[in-house]
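>>> The following comprises the amino acid sequence and a computationally predicted model.
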Amino acid sequence: MSVCDHLAAAQDPAARTPEGCEECLASGSRWVHLRRCLSCGHIGCCDSSPNKHATAHFAETGHPVIASFQPGEAWRWCYVDETVG
């Protein structure tokens, strides 16, 4: 199985808000798990969170790859190709 082009080209930008989900922090909302955009470093909450900000960020920007921002997790996900890497 080959890795999709988006996963292969993904960068490793610094987290913009390492303390939590950017939008949830601004609004006072809560989150379940965090995801980091590998295009710009946006930190968003996962789809199990009430606001699903990581997926909303993809829908707004088209940035294709996120990585888990949970301690001890190293997986990445491509929204475009629906592939884990």
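That came through, no problem. Numbering: from 1, shown residues only.
>>> Could you use CA atoms for every contact and neighbour count after this?
Noted.
>>> How about the contacts made by residue 17?
Residue 17 makes contact with 42, 43, according to CA atoms under 8 Å, 6 or more residues apart in numbering.
>>> for it, phi and psi?
phi -130, psi 80 (degrees, to the nearest 10).
>>> so what pLDDT did it get?
On pLDDT, residue 17 comes in at 97.
>>> any idea how far residue 58 is from it?
As judged by CA to CA, to the nearest Å, residue 17 and residue 58 stand 17 Å apart.
>>> go on, residue 76?
Noted for residue 76: a distance of 14 Å to residue 58, by CA to CA.
>>> Same question for residue 5.
In this view, residue 5 and residue 58 are 17 Å apart by CA to CA.
>>> Who has more neighbours out of these two?
Neighbour totals were compared for residue 5 and residue 58, and residue 58 leads with 18 against 10 (other CA atoms under 10 Å).
>>> Surely that one is in contact with residue 64?
Yes - contact criterion CA atoms under 8 Å: residue 58 and residue 64 qualify, at 6.5 Å.
>>> list residues touching both of those two?
In contact with both residue 58 and residue 64: residue 79, using CA under 8 Å, 6+ apart.
>>> biggest helix in the protein by residues?
helix 53-61 (DSSP state H).
>>> I'd like to know which elements that one is packed against.
Secondary-structure packing of helix 53-61 (3 or more CA pairs under 8 Å, 6 or more residues apart in numbering; DSSP states H and E): strand 34-37, strand 43-45.
>>> can we see that at 6 Å?
Packing partners of helix 53-61 (3 or more CA pairs under 6 Å, 6 or more residues apart in numbering; DSSP states H and E): strand 43-45.
>>> Could you list the paired strands of the strand it packs on along with their orientation?
Partner strands and pairing direction for strand 43-45 (DSSP bridges) are strand 34-37 (antiparallel).
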